[in-house]
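Chemist: Return atomic coordinates for the entry below.
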Amino acid sequence: MRSVHVLVETNWVVDLVAPLLSRNPGARELLERARRRELILHVPSIALSEAHKVVRERNLRADVENIRAFVRDTRDAGAIGETSANIVFDTLTRFQQHVATEKLEAPRRISELRDEPAVNIFPLDEAMLVCSTQIAADTSLELQSFDLAILAAVLVRGRALSKEGHDVVFCTLDAHLQPWDRTGGRKRELADLLEGAGVWVYSDFALQAPMRPDR
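Modeler: Residues are numbered from 1 along each chain as shown. Prediction:
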């Protein structure tokens, strides 16, 4: 039976280390599957570097200030009492403090991920740098520098693993790196690159969608 090798990008790292409400639990499950040796995880080191910036700049899914404004207006209109409003304000403040603390903890979590035995973290090498240059010169793909570097890393590492006879997939939640558009249409150049490297792309951490034709 062939080993399943899963390449991931920055979103996977962020969903492991970001404040709790900003995480995707599927990222943790993918790590647990690697720990159970159901699959082998590969992470470009540049994804860990980018994760620091993403966690620092990512906003809360909950709009705390709008909630405060709503409670304040409701209190002023007499619909709720001062005590009830203060309880909500105190809870929101504690919530913001918790999130701030969680963000400060993110660098430590990223550092710990570097020492995780179930994760293979690999640096960009010369072949990947050459690949990124070729993609920029030979295609019309408009990728930011981090995305371009990650794509090159996935292609080079994926091709090497495929040649060794392994089953290789790339799990990405980044629409720029997915070989299909919003309507499900095929992005020819990107799809050709990934298919040429023997890499199947999933859009979820459960490795279920889109369904592979050979499964």
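
Chemist: next helix or strand past the one helix or strand Val99 maps to?
Modeler: Here Val99, judged by DSSP states H and E, is contained in helix 82-114. Following helix 82-114 in sequence order, the next helix or strand is strand 119-122 (DSSP H and E).

Chemist: Could you tell me how far that next one lies from the centre of the chain?
Modeler: 15 Å (CA atoms, centre = their mean, to the nearest Å).

Chemist: next one: stretch 16-27
Modeler: In terms of CA atoms, centre = their mean, the centre of stretch 16-27 is found 10 Å from the chain centre.

Chemist: Could you look up the SS state of the residue of the chain most remote from its centre?
Modeler: Most distant residue from the mean C-alpha position of the chain: Gly78, 44.7 Å away (CA atoms, centre = their mean). Assigned with DSSP: H, G, I helix; E, B strand; the rest coil, Gly78 falls in the coil class.

Chemist: Could you measure from the nearest residue to Val17 once chain neighbours are set aside over to Gln208?
Modeler: Excluding its sequence neighbours, the residue lying closest to Val17 (CB to CB, 6 or more residues apart in numbering) is Arg109, at 3.9 Å. Bear in mind the C-beta positions are built from the backbone N, C-alpha and C, glycine included. According to CB to CB, to the nearest Å, Arg109 stands 26 Å off from Gln208.

Chemist: next one: Thr183
Modeler: Thr183 is 20 Å from Gln208, by CB to CB.

Chemist: one step back: higher neighbour count, Arg109 and Gln208?
Modeler: Arg109 (15 against 12; other CB atoms under 10 Å).

Chemist: Low-confidence regions, the chain specifically.
Modeler: The model of the chain has pLDDT under 70 over residues 1-2, 20-22, 59-62, 215.

Chemist: Show me how this structure divides into domains.
Modeler: 4-58+112-202, 64-106 (automatic domain parsing).

Chemist: now the last one, how far from the chain's geometric center?
Modeler: Chain-centre distance of domain 64-106: 29 Å, with CA atoms, centre = their mean.

Chemist: first to last residue in it, what's the distance?
Modeler: 21 Å (CA to CA, to the nearest Å).
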